[in-house]
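**Q** okay, sequence plus prediction incoming.
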Amino acid sequence: MQTPIPFYLKEILDQAKPNTDGEVADYIPVLAKADPERLGLALCTTTGHVYSVGDDEVEFSIQSISKPFVYALALQELGVEAVKKVVGMEPSGEAFNELSLGEEDHRPVNPMINAGAMTTTQLINGVDSGVEERVERIRSFLSKLAGRELQIDQEVLDSEMEGADRNLSLAHMLRSYGIIEDEAHDAVLTYTQQCAINVTVKDLAIMAATLANGGTNPVTEEKLLDADVCQLTMAVMSSAGMYDGAGRWMANVGIPAKSGVAGGLLGMLPGQLGIASFSPRLNEEGNSVRGVEMFRRLSQDMGLHLMSTEERYGIQPIRNVIHEGADSYFYIQGRINFNAAETILHELFDYDLKDQNVIVDISRVNAVNRMGRRMLKEGLRRLREAGHEIAIVDPDNVMPNLEMRDGTMVPVREQEGALDPDEELRDEAATLTALAEESAAEESSTN
């Protein structure tokens with residue numbers, strides 16, 4: 001049985017589809033030919049579950065979305081202090097390709113603008129590395145983040161190099177101040193190949209989830225980055241990842257994010273998930289119009305905003321599973337948000353329930369947010385449609401709205417009918433106590 005999450009993502013995608021604002025990136029000839037109607041959305045949890053809808057298998061060039069990952073690689077290889085010597089961490093408030101450096105030290109102000117990204121790229125594999133070796137190190141690393149082999153799009157590369165005058169100007173400026181050592185053409189060629197690597201929204205969601213997961217790819221389980229590297233990378237993304245629209249992004253969406261001019265957009269919530277979208281039409285800041293719209297809706301629905309006052313982090317949501325006759329009791333605990341509900345539904349649907357009745361006991365749940373409630377009810381409805389009797393145990397009424405989307409109500413079962421998941425442990429403890437008391441009494445009578 002399929003969880004309701006892809007259907008929810010499809011709702012988000014369908015709501016954004018009618019929006020035809022913005023234009024494709026026409027300053028790059030090959031991107032000017034992109035199909036503006038392409039639309040995809042993907043989500044990957046830190047537990048390694050991937051969900052995607054729409055044009056989720058369509059490849060497009062990663063472009064500037066490569067910047068935070070290459071920055072993370074530089075931090076991993078060289079350490080924070082070495083990277084800070086040549087590129088700062090402050091938001092610029094300027095366009096991504098602005099010809100500007102810091103006034104005093106001539107460093108690029110952050111690694112998310114082109115000047116900073118080229119500087120960061122030149123650190124990879126050592127300053128003496130050749131172009132081919134450096135590019136291969138980056139391509140290999142991005143492939144590990146995505147969990148599959150990624151390739152460079154030669155057509156995109158050739159098209160971008162034909163119009164690379166502005167980036168060449170940036171490279172000459174960086175070289176004149178001793179920020180980079182390579183010839184300007186080599187620096188631009190390396191950076192452009194990095195941007196021409198093809199990805200899908202599923203790749204980007206997994207890559208984002210790897211940062212959110214402290215550097216371990218949640219799908220392949222390969223450790224790629226240190227947790228402190230991920231933390232710093234996401235911090236810089238939160239202030240500079242959306243260029244001169246970063247302030248509005250953090251106010252309205254509130255998660256670390258990065259966009260690319262091919263129409264890709266990714267973001268992540270630390271400890272929970274990575275999200276990615278694809279839609280080629282861009283706004284004035286160079287960010288995907290429909291991507292921004294979808295992210296805003298996801299953040300509102302799922303409570304993803306970093307400044308949200310909701311408690312997000314908790315213990316394992318499924319406390320115990322007990323079978324009694326035809327009934328299977330799932331004991332839930334803690335706070336039920338998107339991440340907890342996704343875990344619950346994944347285990348419910350993965351469980352071999354046969355013809356069992358499904359009773360979800362939320363006696364130990366202290367709160368259920370809007371998205372958690374919606375997902376839990378939809379999961380129960382789908383179980384009922386699959387032929388299971390369903391019910392919920394909620395003595396404290398923490399989930400008062402039990403109406404499912406078809407207008408029917410989740411049946412409520414009284415707590416007396418449920419088993420106590422701690423009963424076996426308490427019985428064992430009581431038995432041990434009785435034996436100890438009996439032994440003490442025998443010893444006393446003997447004495």
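**A** Looks like it arrived, so ask away.

**Q** going forward, measure contacts between C-alpha atoms and count neighbours the same way
**A** OK.

**Q** quick one: low-confidence ranges for the stretch 101-250 of the chain?
**A** 101-104 (pLDDT under 70).

**Q** now the strands for it?
**A** 198-199 (DSSP state E, counting those that start in this stretch).

**Q** helices of that one, start to end?
**A** 114-121, 131-146, 154-162, 165-176, 184-195, 201-212, 227-240, 246-252 (DSSP state H, counting those that start in this stretch).

**Q** out of these, flag the one nearest Gly379.
**A** Closest to Gly379 of the helices of the stretch 101-250 of the chain is helix 201-212 (CA to CA; 23.2 Å).

**Q** quick one on the thing from earlier: out of the helices of the stretch 101-250 of the chain, which is closest to Asn19?
**A** Closest of these to Asn19 is helix 246-252, at 18.3 Å (criterion: CA to CA).

**Q** tell me which of the helices of the stretch 101-250 of the chain sits nearest to Ile332.
**A** Between the helices of the stretch 101-250 of the chain, helix 201-212 lies closest to Ile332; by CA to CA that is 24.7 Å.

**Q** not counting sequence-adjacent ones, nearest residue to Lys10?
**A** Distances taken as CA to CA, 6 or more residues apart in numbering put Val53 closest to Lys10, at 6.0 Å, once the chain neighbours are dropped.

**Q** which helix or strand contains that neighbour?
**A** strand 50-54 (DSSP states H and E).

**Q** avg pLDDT for the next helix or strand after that strand?
**A** Toward the C-terminal end, the helix or strand that comes next after strand 50-54 (DSSP H and E) is strand 60-61. Average pLDDT, strand 60-61: 98.

**Q** re earlier: and the strand holding Val53 with helix 201-212, angle?
**A** For strand 50-54 against helix 201-212, the angle by axes from the mean of the first three to the mean of the last three CA atoms, to 10 degrees is 150 degrees.

**Q** in its sheet, what does strand 50-54 sit against?
**A** strand 40-45 (antiparallel) (DSSP bridges).

**Q** who touches the partner strand?
**A** 9, 13, 50-56, 201-202, 205-206, 209, 218, 272-279, 339 (CA atoms under 8 Å, 6 or more residues apart in numbering).

**Q** count of residues packed around the residue nearest to Lys10?
**A** Residue neighbour count, defined by other CA atoms under 10 Å, stands at 22 for Val53.

**Q** hey, what's it bridged with?
**A** Residues in a beta bridge with Val53, per DSSP bridges, are Leu41.

**Q** what about Gly379, how many neighbours?
**A** The burial count for Gly379: 25, using other CA under 10 Å.

**Q** that one belongs to a strand, doesn't it?
**A** No: Gly379 is assigned helix when assessed by DSSP: H, G, I helix; E, B strand; the rest coil, not a strand.

**Q** figure out which of the helices of the stretch 101-250 of the chain is closest to His305.
**A** helix 246-252 (8.2 Å).

**Q** ok, the residue lying closest to Met89 once chain neighbours are set aside to Ala187 distance?
**A** Distances taken as CA to CA, 6+ apart put Asn110 closest to Met89, at 4.6 Å, once the chain neighbours are dropped. With distances taken as CA to CA, to the nearest Å, Asn110 is found 17 Å from Ala187.

**Q** I'd say Thr192 and Gly163 touch.
**A** No: with contacts defined as CA atoms under 8 Å, Thr192 does not count as touching Gly163, sitting 11.0 Å away.

**Q** what sits against the spatially closest residue to Leu225 that is not a sequence neighbour?
**A** Nearest non-adjacent residue to Leu225, counting by CA to CA, 6+ apart: Gly215, 4.2 Å away. The neighbours of Gly215, taking CA under 8 Å, 6+ apart as the test, are 223-227, 230.

**Q** and for Ser143?
**A** 149-150.

**Q** Asn110 and Ala187 - which one has more neighbours?
**A** Asn110 (28 against 23).
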